[in-house]
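>>> Generate a structure from the sequence data that follows.
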Amino acid sequence: MIKEKKVKSSKFKTRSSKKNNDLKKEKGNIDLPFLFIIMSLLVIGIIMMFSASFAWAISEGKSGTYYAVEQIKNAVIGLVAMAILSKVDYHIFETRKIAYTIFLVALVLLILVLIIGDTINGAQRWIKIGITFQPSEIMKFAITIIFSLIIINNQKYLDKYKVTMLPVTLILGVVTILMLLQPHLSGTILMILIGFTVIFVGGVKTSHLVFTGLGAMALLIIVVIFKITVEGTDYFLARFQSWQDPFADAKGDTWQTAQSLIAIGSGGLFGLGLGESRQKFLYLPETKNDFVFSIVCEELGFIGAVTIILLFVFLVIRGIYIASKSKDKFGMLLCIGLVMQIAYQAFLNIAVVTNLVPNTGIGLPFFSHGGTSLIMLLAQMGIVLNISKQSSINQILPTDLSENK
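Numbering: from 1, shown residues only. Alright, predicted model coming up:
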């Protein structure tokens, strides 16, 4: 009888120990390496954006620090959002009501931007109602949430096209059309990549992905043909010429690409020095936005550029590691979608400024000027930090293993 009591007591202790460990896991710390990389990119990004933008700010009749101050304000808002969301249980986004509300709000905003949106450089991508914001940045987040939810809710039907891939295809189709009407080709490509990544990692059949991918390509071709029919071929030919031979019309259509390559080439191995760029003095347009990395290369050189690229690589690797340690599939998919958004966007931006791909107009995460983008990025990184907080990275093993024997 005494032995039986001891066994029961041991079982009770084991269960109690497991319960206490689970509580400790829930109260784990955020992933400090991931946070360090985010803060490094943010600080370097603000410094480089200031260096790249002050000449253009002065030419526009503003203070040389105008864009840097705006970026710092947005960074503060983003950091507050990141701090809050790092403490909010990410499972709140697994709630259908919240997930679908976010998606519907983003969808309505994409429609409104075509009606009341501001047009800048021929693109109608911004809504101004007291503040100016870009609805596509919200849709990137919405796509990640809604696709993760669709996968989670249909685990038993991942091989059924009409259950999983059909709603995904319809959502991507509607969003693609709305994005291309702005037009916002780079944003469209980014959302398709994010969406396909989430559903691929989620376990959808490869044949279904291929079929849907071919459909998406067909839709893009139809839209491009429609635009050529309506607007003519001048725009597309100019973009293709700029990519094929950036110095073919260096004083005209290929000016931006040519100046970007000159800036990159001028940097050499170690760069001209912080603040010493020549191309930012009204030679290279959009130095505060899409082409800030060109100034990075010119001022910090090959070594500085590679360092920043490595920071992005480490961010993605650590993010994937956090996703792999997530305590559930929803957290894993959500983390993968949010982290890969940065990976794809950084790659596309650097590919554009180095003329690896045609100019599509896409910013560099944490570097390019843009309030909506920076705030949303930091907020989403807060969600990743919350996932890391609840992941098995923070699992605490019992100190007294003899209790479990």
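
>>> In this structure Ile58 contacts Tyr67, no?
No - assessed by C-beta atoms under 8 Å, Ile58 is found out of contact with Tyr67, at 10.6 Å. In short, each C-beta sits where N, CA and C put it, glycine included.

>>> Looking at the two, which has the bigger crowd around it?
With neighbours defined as other C-beta atoms under 10 Å, Ile58 and Tyr67 compare such that Tyr67 has more, 23 against 15.

>>> ok but that one is inside a strand, no?
No - under DSSP: H, G, I helix; E, B strand; the rest coil, Tyr67 falls outside any strand and is assigned helix.

>>> Please report how far it lies from Lys329.
From Tyr67 over to Lys329 the distance is 41 Å, taken as C-beta to C-beta, to the nearest Å.

>>> Let me know the pLDDT of Ser63.
On the pLDDT scale, Ser63 is placed at 92.

>>> my bad, Ser9
pLDDT at Ser9 comes out at 44.

>>> same thing with the one 10 residues further on?
Per-residue confidence (pLDDT) for Lys19: 42.

>>> what does the one 4 residues further on give?
Each residue has a pLDDT score; the one for Leu23 is 39.

>>> Also Ile396?
For Ile396, the predicted pLDDT is 49.

>>> Could you give the backbone dihedrals for Ala123?
Here is the backbone geometry of Ala123 (degrees, to the nearest 10): phi -120, psi 130.

>>> let's have the chain start at 9 instead
Okay, using 9 as the starting number, the last item reads as Ala131.

>>> Spell out, range by range, the strands that occur in this structure.
Applying DSSP state E to the chain gives strands spanning 126-128, 131-137, 139-141.

>>> Deepest-packed of these, please.
strand 131-137 (a mean of 16; mean count of other C-beta atoms under 10 Å).

>>> what's near enough to touch the nearest residue to Ile119 once chain neighbours are set aside?
Counting by C-beta to C-beta, 6 or more residues apart in numbering, Leu186 is the residue found nearest to Ile119 once chain neighbours are left out, at 6.6 Å. Counting by C-beta atoms under 8 Å, 6 or more residues apart in numbering, Leu186 touches Leu115, Leu118, Ile119, Leu122.

>>> what do you get for Ile200?
By C-beta under 8 Å, 6+ apart, the contact set of Ile200 is Leu180, Thr184, Ala224.

>>> try Leu122
Going by C-beta under 8 Å, 6+ apart, Leu122 touches Gln132, Leu186, Leu189, Gln190.

>>> how is the protein carved up into domains?
49-93+254-402, 102-240 (automatic domain parsing).

>>> With distance to Asp39 added, can I get the ones you listed in TSV?
Output for the domains of the chain, formatted as TSV (distance: least, C-beta to C-beta, whole Å):
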stretch	distance to Asp39
domain 49-93+254-402	4
domain 102-240	19
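
>>> Could you find the closest non-adjacent residue to Ile92?
Spatial nearest neighbour of Ile92, chain neighbours left out: Gly390 (6.7 Å); criterion: C-beta to C-beta, 6+ apart.

>>> Equivalent analysis for Gln132, please.
Closest to Gln132 by C-beta to C-beta, 6+ apart is Gly125, at 4.5 Å.

>>> one step back: surely the residue nearest to Ile92 and Ser94 touch.
Yes - between Gly390 and Ser94 a contact is recorded at 4.4 Å, counting by C-beta under 8 Å.

>>> Good, wrapping up.
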